[in-house]
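Enquirer: sequence plus the predicted model coming up.
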Amino acid sequence: MRNGRRGSIVIAILLACVGCRDEGASKQPAPGSDAPPPIFTPAPSPSPSPSPTGTQSAAAMEPSPVQSNLSITSLIRSVSIPASASPDVVGAFRFLCGPGQVAYDDPIVHPGQPGTSHLHLFFGNLSANANSTYESLRTSGESTCTNELNRSAYWMPALLDGRGNVIRPNYAAIYYKRRPSSDPWFKTNGNIPRDLPRGLRYVFGNPDAEALVHFKCVNGWKVIGTPGTMTHALQQCAAGQKLLVSISSPKCWDGKNLDSPDHRSHMAYMQRNGGQTFCPDTHPFVLPMFTLTAEFSIELGDVPGLWRFSSDMPGAEPGSSFHSDWFGAWEDSILDRWHRGCIDKMLNCSDGDFGDGGAMKKNAHFPSGLAVPRLVPVPANQIGP
């Protein structure tokens with residue numbers, strides 16, 4: 001049964017790519033460890049440092065390397081070199097994350113203000129909270145994203161069942177994609193390939209008009225009905241099936257700011273002209289775009305018509321406010337390895353594979369299949385309003 005469940009996760013992640021192709025689509029990762037992800041609460045972290053101003057250059061703003069003091073070699077396993085992503089024109093790097101802490105915190109939008117945001121479900125760094133900075137993320141926290149070589153924090157509005165519970169996702173599948181640096185496309189379009197800057201952070205998704213958000217119902221290999229709004233997808237779903245929500249980030253960076261006042265403007269989505277896509281002149285740097293897909297189980301006794309994300313305003317279409325946040329805190333050498341090994345060699349890297357014979361070992365927080373427990377009570381917000 002466990003092996004069958006692993007297969008269903010692989011299938012679900014493959015299906016999650018339907019409708020969100022980024023110059024090509026390819027396979028998704030398979031999970032490994034059977035250890036169930038436990039519930040965590042946010043751990044304290046240092047008070048935030050002053051945010052940089054929007055007028056500083058990228059060189060001035062990008063923080064100096066921060067040593068994690070991790071034993072890097074002990075967190076890497078040996079694997080075979082993955083196959084080329086061809087005929088896809090992008091290189092891909094993928095991994096899975098288990099669900100982490102639930103908190104009314106947002107270290108990007110409300111830094112240093114615990115309890116101020118709507119309720120979030122975090123992935124990745126288990127110490128992420130309202131006080132998190134690049135430095136604190138780099139130096140503390142276990143990770144639900146394979147292991148601590150990726151101490152980045154990812155979060156999204158919590159999914160509520162309308163009866164006082166948070167529905168925890170089984171996993172989040174994350175993949176980064178970009179054309180290789182040697183691709184002539186960059187010179188043709190006047191754009192510049194760039195690795196993910198150290199300490200970059202942003203919010204993406206609705207209400208951006210360009211946001212790529214997809215909801216779909218799946219049953220094994222099969223997409224049930226047609227993708228659409230959250231309400232449309234849930235109307236086609238039954239107990240034993242899954243709701244998938246996918247969201248893709250912008251990939252054009254202004255080259256100057258690691259954040260911006262609205263936490264979005266330093267990034268931009270690609271534009272299209274005559275069938276060609278390119279980054280606008282104001283945001284000429286092309287970063288690896290990442291897509292996050294979360295899987296939620298539907299069980300007997302659920303009333304999906306009551307489901308809402310914590311950011312959905314009363315009376316709004318369920319899911320219409322869906323968005324995601326990302327605060328980068330990768331181990332520098334590992335960030336470089338998957339850029340060089342997977343992206344620039346245009347390889348089809350899955351399961352935390354670096355494309356050079358190494359891959360991330362799976363820790364105890366790696367998703368095993370179904371979220372255990374699946375439902376947790378909505379926590380009281382005793383700090384904020």
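Expert: That came through fine.

Enquirer: contacts for stretch 280-289 next, please.
Expert: Residues from elsewhere that reach stretch 280-289, judged by Cβ atoms under 8 Å, 6 or more residues apart in numbering: 22, 93, 176-179, 186, 190-197, 200, 248-255, 266-268, 271, 279, 339, 343. C-beta coordinates here come from the backbone N, C-alpha and C atoms, glycine included.

Enquirer: need the helices for this structure, in chain order.
Expert: In the chain, the helices defined using DSSP state H lie at 2-16, 58-61, 134-139, 185-189, 230-235, 332-338.

Enquirer: weakest of these in terms of mean pLDDT?
Expert: Ranked by mean pLDDT, these end with helix 2-16 at the bottom, a mean of 43.

Enquirer: now the contacts of stretch 280-289: which count as buried?
Expert: With neighbours counted by 16 or more other Cβ atoms under 10 Å, the contacts of stretch 280-289 contain buried members at 22, 93, 176-179, 186, 191, 193-197, 200, 248-255, 266-268, 279, 339, 343.

Enquirer: for the most centrally placed residue in the chain, give me its contacts.
Expert: The residue lying closest to the centre of the chain (Cα atoms, centre = their mean) is residue 292, at 4.2 Å. For residue 292, the set of contacting residues under the criterion of Cβ under 8 Å, 6+ apart consists of 154, 156, 172, 173, 174, 246, 247, 324.

Enquirer: how about 10 Å then?
Expert: 16, 97, 123, 154-156, 172-175, 204-205, 245-249, 324, 326 (Cβ atoms under 10 Å, 6 or more residues apart in numbering).

Enquirer: of those, which belong to strands?
Expert: Helix and strand membership here follows DSSP state E; of the contacts of residue 292, those in strands are 97, 123, 154-156, 172-175, 204-205, 245-248, 324, 326.

Enquirer: hang on, isn't residue 293 packed against residue 171?
Expert: Yes. In this structure, residue 293 sits in contact with residue 171. The criterion is Cβ atoms under 10 Å, and the distance is 8.8 Å.

Enquirer: only whichever of the ones in strands among the contacts of residue 292 are buried, select them in ChimeraX.
Expert: Command for ChimeraX, covering only those of these found buried under the criterion 16+ other Cβ under 10 Å:
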select :97,123,154,155,156,172,173,174,175,204,205,245,246,247,248,324,326
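
Enquirer: the residue nearest to residue 233 when sequence neighbours are not counted bridge partners, please.
Expert: The spatial neighbour of residue 233 that comes closest, neighbours along the chain excluded (Cβ to Cβ, 6 or more residues apart in numbering), is residue 215 at 4.1 Å. Using DSSP bridges, the beta-bridge partners of residue 215 come out as residue 228, residue 245.

Enquirer: residue 215 and residue 165, how far apart?
Expert: Distance, residue 215 to residue 165, using Cβ to Cβ, to the nearest Å: 20 Å.

Enquirer: out of those two, which sits in the busier spot?
Expert: Counting neighbours by other Cβ atoms under 10 Å for residue 215 and for residue 165 shows that residue 215 has the greater number, 20 against 16.

Enquirer: surely the more buried one and residue 304 touch.
Expert: No. Contact between residue 215 and residue 304 fails when scored by Cβ under 10 Å: they sit 11.4 Å apart.
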